[in-house]
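J.: I'd like to go over a predicted model; first the sequence, then the structure.
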Amino acid sequence: MMKTLILTILLTFFLIPCEVLSQLDDQQLLSHAKTVTTENIKGHIALLAADNMKGRLPGTPEYEIAMKYVADQFESMGLKPLGDKKGISFYQKLTLRNALVNEKRSYMLLNGSDTLEVGKDYFYLPGINKTVQEFNAEVVFAGYGIETEEFAHHDYKDVDVKGKIVILYSGAPESFPSSERAYFGNLEYKFQTAQDKGATGVIITSVPTGRSNFKGLYSRVLRSGISGVVMPSGMVTGGRTYSEKLKFASFIDLPVMERLTGYSSDTLWVRYKNGKSLSKKQKTMINGRITSEYKDILSANVAGLLEGSELREEYIVHSAHLDHVGIGVPVNGDSIYNGAHDNASGISAMIEIARLYSSLEKKPKRSVIFLAVTAEEMGLLGSRYFVGNPTVPKENIIANVNTDMPTLIAPLISIEPLGAQHSSIMNEVTHAAQLLGLEIMEDHMPEQVRFVRSDQYSFIAAGIPALHIKYGLKTKDSQTGLKEMIEEFTKNVYHQPSDELNDTFNFEAARTYVELQFLISYFLSEAKSRPSWNANDFFGKL
């Protein structure tokens with residue numbers, strides 16, 4: 001009995017220290033993170049953003065080469081394939097659909113005789129689930145088309161839209177917080193709410209300024225149409241798509257509202273900015289036909305898995321989009337939109353984070369998924385598909401750490417952790433930032449609502465806490481020293497052929513960024529409990 005007790009004590013003595021030593025302390029972890037090399041980071045970007053990759057447009061041979069490159073990197077690190085065929089393929093195959101309106105076979109009339117001119121008065125968003133729809137219905141107005149108890153805003157109160165065409169303001173009230181304003185101003189929200197209320201069609205009143213001005217929107221839709229991803233049910237979904245339960249969705253220019261309401265354009269603009277509802281002085285009918293044409297494109301996400309040691313059925317997802325916009329309008333004779341910053345840099349960071357994980361002596365507590373998504377530039381479609389059809393149980397995905405164009409153009413001194421303020425992920429961000437000597441700053445351009453404009457939003461919409469880290473403005477000499485530099489970059493490089501591998505990159509900053517993302521997700525992996533949304537957080541209730 002005494003020998004057994006002594007043996008038990010000795011085993012306990014030796015086993016516990018071994019377990020403790022196998023867990024990395026902060027300094028050990030930091031030392032491991034600093035094994036990242038700038039040569040590797042630069043090498044990935046050089047290959048993915050080369051001219052012969054022709055901008056990595058989904059559906060092209062060049063995008064397939066990029067997919068294979070990422071899959072080969074994952075395989076070389078010993079990650080397990082996590083595509084459609086777990087353990088066999090890294091590819092999660094999917095079908096993208098692009099739709100255009102056939103304007104010659106489409107029309108819109110007011111009261112049966114007043115023909116509206118396409119491109120001047122109105123334009124349709126293509127129907128992506130049905131090629132032809134005809135309609136004839138009465139017009140009603142419903143403000144922004146928002147229904148929310150959270151902000152005591154009820155545009156549909158006392159408005160019967162069943163079987164009718166509802167006209168809505170674009171956007172959302174300026175009194176809403178920026179990220180919430182983006183959620184309610186999103187076309188997908190407006191379409192779904194109108195559909196749920198029984199509307200037969202939706203018309204958005206385009207405002208004269210900003211990204212949603214009529215001419216700019218029409219030009220983009222005429223040129224590029226809209227895109228969606230085909231779900232296993234056969235339904236196509238995306239940020240600007242609508243189901244066939246809505247017969248059509250369109251935009252009209254503000255002056256057309258004069259013919260519908262009797263208000264002058266100036267008065268309408270004032271009412272719009274003040275969020276005031278519209279009234280009609282007479283019954284107005286709109287009838288028309290929308291004819292759409294579309295083509296399907298085969299593409300895929302690339303997913304690899306590093307299994308955890310203890311809570312291996314819980315998953316942290318590192319995501320970055322692999323696609324860019326391909327070949328486009330020439331600028332100074334260059335028509336290849338290489339996408340070096342957007343987002344070869346993000347893919348490069350994710351690959352090197354995977355390398356750090358795969359070279360750990362002991363696996364992390366939780367499993368980590370590395371996900372290169374397709375069609376972010378088409379409307380977050382690859383991440384939407386993954387979240388809707390995850391290759392692991394969705395309820396076991398505990399967090400998303402997304403990397404999209406970190407803008408690695410200067411020494412990294414401060415960060416803006418978009419989304420962290422909504423959840424307990426801020427704890428891990430703070431810990432990692434302190435280890436690297438980085439200052440945490442607030443979002444310097446909340447009006448751009450960046451938190452809901454990249455792939456992390458697909459996870460957020462599914463109730464999964466997410467993070468997207470961007471550069472802060474701090475320099476050695478100023479709290480806002482990078483503001484002008486970032487604005488210049490956005491104007492002259494973002495979505496331009498000039499987004500190439502050149503001297504705009506600061507690779508020491510890129511190295512620090514990789515270290516930061518790795519530390520954050522490692523701390524998430526080792527935490528005692530899953531990340532949680534803050535109490536009463538708006539996005540935690542979605």
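T.: That came through, no problem. Numbering: from 1, shown residues only.

J.: residues contacting the residue nearest to L125 when sequence neighbours are not counted?
T.: Excluding the flanking residues, the one nearest L125 by Cβ to Cβ, 6 or more residues apart in numbering is A249, at 4.6 Å. C-beta here means a position set from N, CA and C on the backbone, and glycine is covered the same way. Applying Cβ atoms under 8 Å, 6 or more residues apart in numbering, we find A249 in contact with 124-125, 187, 191, 201-204, 242.

J.: likewise A137?
T.: A137 makes contact with 163-165, 200-201, 285-287, according to Cβ under 8 Å, 6+ apart.

J.: Now with 7 Å, please.
T.: For A137, the contacting residues are 163-165, 200-201, 285-286, by Cβ atoms under 7 Å, 6 or more residues apart in numbering.

J.: With I486 instead?
T.: Residues in contact with I486 (Cβ under 7 Å, 6+ apart) are 407, 471.

J.: so it, which of the three states?
T.: helix (DSSP: H, G, I helix; E, B strand; the rest coil).

J.: now, which of the contacts of A249 lie within helices?
T.: Secondary structure from DSSP state H places 187, 191 of the contacts of A249 in helices.

J.: among the contacts of A249, which are in strands?
T.: Among the contacts of A249, the residues falling in strands (DSSP state E) are 124-125, 201-204.

J.: for this structure, which strand is longest?
T.: Max-length strand for the chain by DSSP E is strand 285-306.

J.: Describe which strands the very next helix or strand once past that one pairs with in its sheet and in which direction.
T.: Sequence order places strand 311-321 as the next helix or strand after strand 285-306, per DSSP states H and E. Strand pairing for strand 311-321, using DSSP bridges, gives strand 366-373 (parallel), strand 397-402 (parallel).

J.: on that earlier part again, would CSV of the ones in strands among the contacts of A249 with neighbour count be doable?
T.: Shown next, in CSV, are the ones in strands among the contacts of A249 (neighbours: other Cβ atoms under 10 Å):
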residue, neighbour count
Y124, 25
L125, 24
G201, 25
V202, 26
I203, 25
I204, 23
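
J.: how about those in JSON lines, adding pLDDT and distance to E103?
T.: As requested, the ones in strands among the contacts of A249 are arranged in JSON lines below (pLDDT from 0 to 100; distance: Cβ to Cβ, whole Å):
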{"residue": "Y124", "pLDDT": "97", "distance to E103": "8"}
{"residue": "L125", "pLDDT": "97", "distance to E103": "13"}
{"residue": "G201", "pLDDT": "97", "distance to E103": "17"}
{"residue": "V202", "pLDDT": "97", "distance to E103": "19"}
{"residue": "I203", "pLDDT": "95", "distance to E103": "17"}
{"residue": "I204", "pLDDT": "93", "distance to E103": "18"}
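
J.: I'd like to know which of these is nearest to R511.
T.: Of all the ones in strands among the contacts of A249, L125 has the smallest distance to R511: 43.0 Å, by Cβ to Cβ.

J.: who are the neighbours in contact with that closest one?
T.: 221, 226, 240, 249-250.

J.: Mind checking which of those residues are in helices?
T.: V221.

J.: Would you check that V514 makes contact with A354?
T.: No. With contact defined as Cβ atoms under 7 Å, V514 does not reach A354; the gap is 10.3 Å.

J.: ok now stretch 296-303, how far from the chain's centre?
T.: In terms of Cα atoms, centre = their mean, to the nearest Å, the centre of stretch 296-303 is found 16 Å from the chain centre.

J.: Kindly report the same for stretch 322-339.
T.: Computed by Cα atoms, centre = their mean, the chain-centroid distance of stretch 322-339 equals 21 Å.

J.: before we move on, what about stretch 214-227?
T.: Chain-centre distance of stretch 214-227: 20 Å, with Cα atoms, centre = their mean.

J.: What residues sit buried inside that stretch?
T.: 214, 217-218, 221, 225-227 (16 or more other Cβ atoms under 10 Å).

J.: Tell me how this protein divides into domains.
T.: Domain assignment for the chain by automatic domain parsing gives 27-95+298-541, 112-283.

J.: Quick one: the strands in the stretch 351-500 of the chain, in order.
T.: Ranges of strands in the stretch 351-500 of the chain, per DSSP state E, counting those that start in this stretch, are 366-373, 397-402, 414-418, 439-440, 466-471.

J.: now the third one against strand 466-471, angle please.
T.: For the pair strand 414-418 and strand 466-471, the angle between their directions (axes from the mean of the first three to the mean of the last three Cα atoms, to 10 degrees) equals 150 degrees.

J.: Quick one: residues in contact with strand 414-418.
T.: By Cβ under 7 Å, 6+ apart, strand 414-418 touches 426, 429, 433, 438-444, 450-451, 467-474.

J.: returning to what we had before: could you dump the buried residues of stretch 214-227 to CSV with pLDDT and distance to L29?
T.: Below are those laid out as CSV (pLDDT from 0 to 100; distance: Cβ to Cβ, whole Å):
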residue, pLDDT, distance to L29
F214, 87, 53
L217, 90, 48
Y218, 93, 52
V221, 93, 48
G225, 94, 47
I226, 95, 45
S227, 97, 41
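
J.: in the stretch 1-150 of the chain, what spans have low per-residue confidence?
T.: 1-23 (pLDDT under 70).

J.: the helices in it, which residues?
T.: Listed in chain order, the helices of the stretch 1-150 of the chain (DSSP state H, counting those that start in this stretch) span 2-22, 26-33, 38-48, 61-76.

J.: Okay, now the unreliable bits of this protein?
T.: 1-23, 207-212, 265, 272-273, 275-282.

J.: In it, which residue is most central in space?
T.: Taking Cα atoms, centre = their mean, the centroid of the chain lies closest to S454, which sits 2.2 Å from it.

J.: Isn't it up against N402?
T.: Yes. Proximity of S454 to N402 meets the contact threshold set by Cβ under 7 Å, at 6.0 Å.

J.: Can you report how many residues neighbour G119?
T.: 13 (other Cβ atoms under 10 Å).

J.: what are the phi and psi angles of it?
T.: Phi and psi for G119, reported as degrees, to the nearest 10, are phi 90, psi -20.

J.: hang on, it packs against Y218?
T.: Yes. Judged on Cβ under 7 Å, G119 makes contact with Y218 at a distance of 5.6 Å.

J.: Please identify which of the contacts of L125 is nearest to G540.
T.: Of these, the one sitting nearest to G540 (Cβ to Cβ) turns out to be R240, at 26.0 Å.

J.: Before I go, just wanted to say thanks for your time.
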